[in-house]
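Chemist: Fold the following.
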Amino acid sequence: MADVSTLPAYYLPGLTEADIGDFIPLEFGSDGTRIKMLSPVLTPELLSRIIADIRKARDTYLVKQPVYKIVETIDKALDLWRNPDYPLRKKALELLPIITGFSKPMISAILSGFVTTMNAENLKMLLTVEFGDPFVLDEFRPRSTGGFTRGFGPELTTAVFAGNVPGLPVGNIIFALLLKSAILAKSSSDEPLFAVLFAQTLAEIDPDLARCMAMVAWKGGDKKIERVAFDEADAVIVYGTDHSVNEIRKQVPAGTKFIPYGHKLSFGVIGREALSKDRVRNTAFLAATDASIFDQQGCLSPHVFYVEEDGEISPMEFSHYLADAMDGFAGKVPRGRISPDEAAHINQLRGAYEFREFADDGIALHASSGGTQWTVIYEADKTFVPSCLNRTIRIKPVADVSEIIKLVEPVKAFLQTMGATLPEDRLLNLAEDIGKLGMDRISPLGKMTAPSLFWRHDGRYNLLDMVRWTDIEV
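Modeler: Numbering: from 1, shown residues only. A predicted model of the protein is given here:
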């Protein structure tokens, strides 16, 4: 029997603790501050019951709701989260830093950004951008070519989430509900709280809608559980390492929509125009923002900044400005908790570059004092090198931004976001070539980790790729 004073690491509407049976304790925190959560011990029989329950709720309620009513319900739920005094937001702000290791100011920024972006106006615009006529999700609608068409979302979406960025599961839960799909979410054991709190908010606003979703964790690779989770689904969404994505791909039945989000790499580009004496400090602030948000844990975070030569400020000089900006950002939004191994990796990297700096005028190392809060490395070698993360960023010089195409070609399979500050004509020229290479998002510098809701994640639609169509010809 679960301890009622312990937080649930699950959301299973309609099931009591007695129905669930056994639980696994999950503990988070350090330095004497601990949080205990309980995760159900799943069996194939229990998971089948969970799926049957959310499918039934979907069939009896969700499919009958107009898509704009679903939008309005979601917006009402998120409107509660926009209030800093909302109890569940306060709970998230108190507990997520302990669970995730991110600092409290970082969690506050993540929550604010998420609930601001996911508003009714933006969700309706997303539906219009992807479908043209959003009401094709409600009924047959006239086609411009004659006849009628209707879009049908999956009856059940199974989503497997990673835990590196809080809030990620909620976005996909919202997308599934907009498509009138029940959703079974495999929470990450690294961060099982936020999505559960959001589900509780939805239940406050519309209990029937909340009954169409379930969140629970299981150990990856449990074939008996995953056979039920994937065989029952009409669509499977997976976030994770390339290995974990490929292992799940093998288990998903042919004909089931499979939407993978594997390992990705991002970088920044700073043109010489942004290195004038009157712009350089702002450029450094924008770059520091990109390199600090999420402590570089997300796929959108930059590993390298390529900085153009022949500006008023050289790339090596820019590394000083970036170091100052990183230090200023850390003063307002401290980096989160890291493991001893992560700290050792940063210190080893610093030590290696410190040694090289003595003998090489093509190296400059800047590091936070008294700890590993941030590290900036200028290196004349232009080779793309992935970061060890946790606010460790390299600056590499290029004579012209056109060089970048060859420099990132070895990692083209993993490219996701390029943050850039360039005049429009030069940006478009670079975008043409980097787009051909496989880059699916180009953002302004300073906004790399804050994608538009309308971004086609990994080059695919957020909603449209999940939909099956029926056409009536006349």
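Chemist: Leaving out chain neighbours, which residue sits closest to the most centrally placed residue in the chain?
Modeler: Among the residues of the chain, the one closest to the centroid is residue 168, at 4.6 Å (Cα atoms, centre = their mean). Nearest residue to residue 168 in three dimensions, chain neighbours excluded: residue 161, at 6.2 Å (Cβ to Cβ, 6 or more residues apart in numbering). (Glycine included, C-beta is placed from N, CA and C.)
Chemist: State whether that neighbour and residue 189 are indeed in contact, as I suppose.
Modeler: No - Residue 161 is not in contact with residue 189 according to Cβ atoms under 8 Å; the separation is 10.4 Å.
Chemist: Now do the shared contacts for these two.
Modeler: With contacts defined as Cβ atoms under 8 Å, 6 or more residues apart in numbering, no residue is shared by residue 161 and residue 189.
Chemist: Looking at the two, which one has more neighbours?
Modeler: Comparing residue 161 with residue 189 by neighbour count (other Cβ atoms under 10 Å), the higher total belongs to residue 161, at 26 against 17.
Chemist: residues contacting that one?
Modeler: Shown here is residue 161, whose contacts under the criterion Cβ under 8 Å, 6+ apart are 168-169, 172, 185-188, 195, 239.
Chemist: Give me the pLDDT value at it.
Modeler: Note for residue 161: predicted pLDDT of 94.
Chemist: Okay, the residue nearest to the centre of the chain and residue 244: tell me how far apart.
Modeler: Between residue 168 and residue 244 the distance, using Cβ to Cβ, to the nearest Å, works out to 15 Å.
Chemist: Also residue 379?
Modeler: The spacing between residue 379 and residue 244, counted by Cβ to Cβ, is 32 Å.
Chemist: The two - which one has more neighbours?
Modeler: More crowded of residue 379 and residue 244, by other Cβ under 10 Å: residue 379, with 22 against 18.
Chemist: and the more buried one, what are its bridge partners?
Modeler: In this structure, residue 379 bridges to residue 363 when assessed by DSSP bridges.
Chemist: Please tell me how far the residue nearest to residue 168 sits from residue 394.
Modeler: Remark: distance between residue 161 and residue 394 (Cβ to Cβ) = 30 Å.
Chemist: starting at the chain centroid, how far to stretch 23-35?
Modeler: 24 Å (Cα atoms, centre = their mean, to the nearest Å).
Chemist: Three-state assignment for the residue lying closest to residue 471 once chain neighbours are set aside, please.
Modeler: Setting aside the residues directly before and after it, residue 471 is nearest to residue 149 in space (Cβ to Cβ, 6+ apart), at 5.0 Å. Taken by DSSP: H, G, I helix; E, B strand; the rest coil, the conformation at residue 149 corresponds to strand.
Chemist: and residue 149, what is it in contact with?
Modeler: 136, 140-141, 143, 469-472.
Chemist: tell me, how many neighbours does residue 7 end up with?
Modeler: For residue 7, the neighbour count with other Cβ under 10 Å is 19.
Chemist: same deal with residue 407?
Modeler: Using other Cβ under 10 Å, residue 407 has 16 other residues around it.
Chemist: Secondary structure element holding the closest residue to residue 118 other than its chain neighbours?
Modeler: In space, residue 118 comes closest to residue 78 once its chain neighbours are excluded; the distance is 5.5 Å by Cβ to Cβ, 6+ apart. Using DSSP states H and E, the element containing residue 78 is helix 67-81.
Chemist: which helices and strands does the following helix or strand past that helix pack with?
Modeler: Under the assignment DSSP H and E, the closest C-terminal helix or strand after helix 67-81 is helix 87-100. Applying 3 or more Cβ pairs under 8 Å, 6 or more residues apart in numbering; DSSP states H and E, one finds that helix 87-100 contacts strand 35-40, helix 67-81, helix 104-117, helix 194-205.
Chemist: for the nearest residue to residue 241 once chain neighbours are set aside, helix, strand, or coil?
Modeler: The shortest distance from residue 241 to any residue other than its chain neighbours is 5.8 Å, reached at residue 263 (Cβ to Cβ, 6+ apart). With three-state DSSP as the basis, residue 263 sits in coil.
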